[in-house]
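Q: From the sequence below, what's the structure:
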Amino acid sequence: MSLSPEDSPPEDVEALKAALLQARTELADERAERSADKALISHLKLVIAKMKREHYGQRSERSARLLDQMELQLEDAEASATEDELAAEAAAARTSSVRAFTRRQPSRKPFPAHLPRERVVIPGSASCSCCGSARLVKLGEDVTETLEVIPRQWKVIQHVREKFSCRDCESIGQAPAPFHVIPRGWAGPSLLAMILFEKYGQHQPLNRQAERYAREGVDLSLSTLADQVGTCCAVLDPLFRRLETHVFAAERLHGDDTTVPVLAKGKTHTGRCWVYVRDDRPFGGTCAAHQKVQVPPAAVFYYSRDRGGEHPQEHLKTYRGILQADAYGGYGQLYAADRRPGPILEAACWAHARRKFFELADLAKAAQRKARHGNGQEVISPLALEAVKRIDALFDIERDIQGKNAEERLVARQTLSVPLVSSLESWMKEARPKLSRHDDVAKAMDYMLKRWDSFGRFLTDGRICLTNNAAERALRGIALGRKSWLFAGSDRGGRRAAIMYSLIQTAKLNDVDPQRWLSDVLARIAEYPARKIDDLLPWNWRKVNASIKQAA
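A: All right, here's what the predicted structure looks like:
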């Protein structure tokens, strides 16, 4: 096939080079445009998924994994689009015959208004670039904002106490020494709060903190930092005791535990970290003295060397009420009818029960089981899938009554949830005899049927939640932190960690910045009247700060 004169390549070498350069530029431009489109599509998909999750709630445990996957896909797509964009700009700069590519990006939200602004004025020309005249009039300005960070600054505060001598009686007077959080201490409250929050809130061990401080020019040994942590925990212990009193005065508690590796001679022991959460917000719980004031949420943590049942029995020895927890045998004596000071009512977690069915109905889990057990065919259990659908219907009802008072929640459950729970029980009792006792679906059904009274208790009490997620969320930080600090140094270290976890988690539950709160508390607690110690608890501290800001 012959080429037309218009399509035939030029014979001149320079013309050939120009044509080749133009073709490469156009190709880079097209590649950048495709990458930008891909990044934009990924961004919009992620936004839609997040909006659906916020509007409808978490439909399944798999949705969290899907969002994480989409975040990674968006990250890769954005990075690839940026690389291609730069390549297109570089190619366009080498030729004037091809339009420079402009990437279409989603509109960026403005930087926070509370951040200080530093104006760097770029002076314009003193004369007209066209005619050279100096008679210029300012028409306006264009402002481009760049977010920047100032490295952390260290400083030494010198407290100077002048001495005066009386000319009449020759006595010497001097102002009292300033307060230190630690007797004869050298660290200020803000530094101590940072060390504590980095260790227990951000899961940064002291050795890593010491290395970072040394790179910043401040040499603090590991033993020095450890001394500060131990003393601060002792100073903050009264606040922890007040948290205990507040939490165990609840009508209903969430309880759970997780593993904590503990260093021992040549090995590590598996200790336990227990948590008890008071959160009355789902049923609009209010204070007895002030019916319009909502009870603030709080959490207390405990450490133990093992998972013996005596530990929760000791933690809850003065408590009577409702305990939402998993089916751990160590709680058994707490539910005894003749227990003193009174029995604790067990409320089972529907999310825990649903998880057993969900794992059997999850495609990803089925693929993992197939890979683990060989080439045997792994199919999705229709019974497990049906159980998940039935339980999800209960969760849909709970989302609609979240935050309503206990009476309204109870009415809705009696009307909507009771028929669903009754139908689920009948369905499981009918399907269970047809299954082998070794079948995983049968085990999941037995888990619920053996504790059916505990699972159905939410139908008769509007204060009870459908799940124990409040306690599981409180323990999530520890599960993440284990990857950083690997193990606790000792049993005493575990107990110190439990105190700090309690304070930090309670601050987070009340929307209080833990580090800022700790800094202010450490600066005031030693001189604060013991009878007013409750004023330093996160929810009261927030109110005081809000009133001070409003007055200012």
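
Q: where does the closest residue to L206 other than its chain neighbours fall, helix, sheet strand or coil?
A: Excluding its sequence neighbours, the residue lying closest to L206 (CB to CB, 6 or more residues apart in numbering) is L225, at 4.6 Å. C-betas here are computed from N, CA, C, even on glycine. Following DSSP: H, G, I helix; E, B strand; the rest coil, L225 is assigned to helix.

Q: measure L225 to H315 for me?
A: As judged by CB to CB, to the nearest Å, L225 and H315 stand 30 Å apart.

Q: re earlier: cross-check the contact I'm expecting between the residue nearest to L206 and R208.
A: No: the criterion here is CB atoms under 8 Å, and L225 misses it with R208 at 10.6 Å.

Q: in which helix or strand would I find D219?
A: Counting by DSSP states H and E, no helix or strand carries D219.

Q: How many residues are close by it?
A: The number of residues packed near D219 is 9, by other CB atoms under 10 Å.

Q: pLDDT score for the closest residue in space to it that isn't next to it in sequence?
A: In this structure, D219 finds its nearest non-sequential neighbour in Y213, 7.3 Å apart by CB to CB, 6+ apart. At Y213, the pLDDT value in this model is 92.

Q: ok, now L67?
A: pLDDT, L67: 53.

Q: does H114 count as helix, strand or coil?
A: Three-state assignment for H114 (three-state DSSP): coil.

Q: go on, L323?
A: Of the three states, L323 takes strand under three-state DSSP.

Q: got it, and K508?
A: With three-state DSSP as the basis, K508 sits in helix.

Q: Skipping adjacent residues, who's closest to it in space?
A: P514 (6.3 Å).

Q: Tell me who's in contact with the nearest residue to R457 once chain neighbours are set aside.
A: Closest residue to R457 apart from its sequence neighbours, by CB to CB, 6+ apart: A347 at 4.9 Å. By CB atoms under 8 Å, 6 or more residues apart in numbering, the residues touching A347 are R252, I322, L323, Q324, A325, S454, R457, F458, D461, I464, C465.

Q: run the last query once more with 7 Å
A: Residues near A347 by CB atoms under 7 Å, 6 or more residues apart in numbering: I322, L323, Q324, S454, R457, F458, I464.

Q: Can you pick out the most distant pair from the residues you listed?
A: L323 and F458 (13.2 Å; CB to CB).

Q: the more surrounded of these two?
A: Taking other CB under 10 Å, L323 and F458 do not tie; F458 has more neighbours (25 against 22).

Q: Give me the phi and psi angles of the residue nearest to the more buried one when sequence neighbours are not counted.
A: Distance criterion CB to CB, 6+ apart; nearest residue to F458, sequence neighbours excluded, is I464 at 4.2 Å. The phi/psi pair for I464 (degrees, to the nearest 10) reads phi -80, psi 140.

Q: Quick check: I464 touching R457?
A: Yes: look at I464 against R457 with CB atoms under 7 Å: they come within range, at 5.9 Å.

Q: Between those two, which is the more surrounded one?
A: Between I464 and R457, counted using other CB under 10 Å, the more crowded position is I464 (22 against 17).

Q: how about the more buried one, what does it touch?
A: I464 neighbours (CB under 7 Å, 6+ apart): R252, I322, Q324, A347, R457, F458.

Q: so where's the stretch 351-500 of the chain shaky on pLDDT?
A: Where the stretch 351-500 of the chain drops to pLDDT under 70, the residues are 363-380, 483-489.
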